[in-house]
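Chemist: Sequence below, structure please.
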Amino acid sequence: MFQIILREGITGGFVGPTIKQMVEIRGDDTGASIVHANLKPATKTDYTTQTGQLAAEDIKNLTMSLKETLGQLPVEEPIGSEDIYGFDTSIAFFSDDGFQWQNGGPEGCGHQPSSIQASPEQKQAFQALIQSLIKAGQQYALQAQE
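Modeler: Now for the predicted structure:
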């Protein structure tokens, strides 16, 4: 079993962050469900949500690529201190094979400095992961639900 969550909108100030977009994929080697939610214009809590399914082959390629890249990327220290990638986006990957990776903390990022920073190459790799997860959300999450 695994869970992958992309959240756009992780930096806040005095008020907590507003999630603008979210892609969540849950499943196992046999397939997965996907949810893609986008914040409706002029709202802070109303989302357009789409759902769908990913086949086993699609999921295998996506999870292998994510694990390989995330395993080489740093996370902020302390957790949730700073958006070290600068894209206002977090990715969390949890699997029952022991692999766990998450940037941005569970409640988003604050404004204290992180003792670890991402290199320009690491930022590019992270941005490519963001784009691939959003693309998966757009490609596989089809049925609109209000």
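
Chemist: CA atoms for contacts and neighbours, from now on please.
Modeler: Will do.

Chemist: what residues are up against Gly137?
Modeler: 23, 34-36 (Cα atoms under 8 Å, 6 or more residues apart in numbering).

Chemist: now Ile134, what's its secondary structure?
Modeler: At Ile134 the chain is in helix, as set by DSSP: H, G, I helix; E, B strand; the rest coil.

Chemist: which residues in the protein form strands?
Modeler: Under the criterion DSSP state E, the chain contains strands at 2-8, 21-28, 31-39, 47-55, 89-95, 100-102, 141-145.

Chemist: Can you lay out those as TSV showing mean pLDDT and mean neighbour count?
Modeler: Below are these laid out as TSV (pLDDT from 0 to 100; neighbours: other Cα atoms under 10 Å):
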stretch	mean pLDDT	mean neighbour count
strand 2-8	97	20
strand 21-28	96	21
strand 31-39	95	20
strand 47-55	93	18
strand 89-95	97	21
strand 100-102	96	18
strand 141-145	63	14
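
Chemist: next one: stretch 12-20 to chain centre, how far?
Modeler: Chain-centre distance of stretch 12-20: 16 Å, with Cα atoms, centre = their mean, to the nearest Å.

Chemist: Distance across that stretch, terminal residue to terminal residue?
Modeler: End-to-end distance for stretch 12-20, by Cα to Cα, to the nearest Å: 12 Å.

Chemist: What of stretch 34-45?
Modeler: Note: stretch 34-45 ends 20 Å apart using Cα to Cα.

Chemist: Then stretch 21-38?
Modeler: Per Cα to Cα, stretch 21-38 runs 4 Å from first to last residue.

Chemist: Much appreciated, bye for now.
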